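Engineer: Need coordinates for the below:
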Amino acid sequence: MIDVQAYIDPKAKIAPNVTIGPWTWIGPDVEIDEGTTVGAHVVIKGPTKIGKDNRIFQFASIGDDPQDISYQGETTYLDIGDRNLIREYCMINRGTKKGGSITKIGHDNYFMAHTHVGHDCHLGNHTILTNHAALSGHATIDDYAIIGAYSAVHQFCHVGEHAFVGKSSYVTKDVLPYIIVDGRTPTAYGVNSRGLKRRGFTSETIDGLKRAYKIIFRQGLTVSQALAKLDELVSDCPDVAKMMAILTESERGIIR
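Structural biologist: Now for the predicted structure:
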């Protein structure tokens, strides 16, 4: 299941049923768990740990040094979970010491061709990065968020769960959960109702999130005033609490 033309460093730990294509290079300090398939011409450097049943397509670059001028060869890490789909020419870098030393990716994520995950990024589960989407260092992407084609997320930005970032958007502030943002300089365009319905959210929950959206974006309130009103919705719609959390913790401000 490992092509004779692949190079596997003797110090790499490869599970017995991993498939590796020709001309792929896997360095030391790389661990690949069972069921994972690695295509041709892939480069994987370590320390990198890759979980079960991932599919990595040709020409991907996984676990190389962070693209940060302060990096001086320190030992840093990349941790990838299970069942991720990593398409052609994807680039995923290890962390930096100043950023916590680790880039971490959860389970069931989909990285389309030419996507980039910079150093110290943290991604949850079931996220989608569409073709040519790029995450700068230290970005956080929560579960089920979608980043549109050719979009870029600035350093330290936080995209909340179930959020949808439209194509060619330049995200320089945090994106609240459950909402749609779009545009070269992005604007909030409402709750991601269609996506939430597809994922089993009830009409009552979606209506509650829409009420929360109006409080945050339509009533001209300060953050503290909005939080006070949102707190009244939480008992009927607990998901509003996740919007409140990012609104409270945001240091960059939110896209409005």
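
Engineer: Stretch 204-216: which residues count as buried?
Structural biologist: Buried positions in stretch 204-216, judged by neighbour count with 16 or more other CB atoms under 10 Å: Thr205, Ile206, Gly208, Leu209, Arg211, Ala212, Tyr213, Ile215, Ile216. In short, each C-beta sits where N, CA and C put it, glycine included.

Engineer: ok, now which ones touch the closest residue to the third one other than its chain neighbours?
Structural biologist: Okay, so that is Gly208. Nearest in space to Gly208, with sequence neighbours left out and distances taken as CB to CB, 6 or more residues apart in numbering, is Cys237 at 2.7 Å. Cys237 is in contact with Glu204, Thr205, Asp207, Gly208, Leu209, Arg211, Ala212, counting by CB atoms under 8 Å, 6 or more residues apart in numbering.

Engineer: Same check on Cys121?
Structural biologist: Cys121 touches Thr103, Lys104, Ile105, Leu135, Gly137, His138, Ala139, Thr140, Ile141, counting by CB under 8 Å, 6+ apart.

Engineer: mind checking pLDDT for it?
Structural biologist: pLDDT for Cys121: 98.

Engineer: same deal with the one 4 residues further on?
Structural biologist: With respect to pLDDT, Asn125 scores 98.

Engineer: Residue numbering should commence at 190 henceforth.
Structural biologist: Sure, I'll start counting at 190 from here, so that last one is Asn314.

Engineer: what sits against it?
Structural biologist: Per CB under 8 Å, 6+ apart, neighbours of Asn314: Gly270, Gly295, His296, Asp297, Asn298, Asp332, Tyr333.

Engineer: how does it look with 6 Å?
Structural biologist: Gly295, His296, Asp297, Asp332 (CB atoms under 6 Å, 6 or more residues apart in numbering).

Engineer: could those residues be laid out in TSV, adding distance to Val227, pLDDT and secondary structure?
Structural biologist: Converted to TSV, the contacts of Asn314 look like this (distance: CB to CB, whole Å; pLDDT from 0 to 100; DSSP: H, G, I helix; E, B strand; the rest coil):
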residue	distance to Val227	pLDDT	secondary structure
Gly295	19	98	coil
His296	18	98	coil
Asp297	18	98	coil
Asp332	26	98	coil
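
Engineer: Good, wrapping up.
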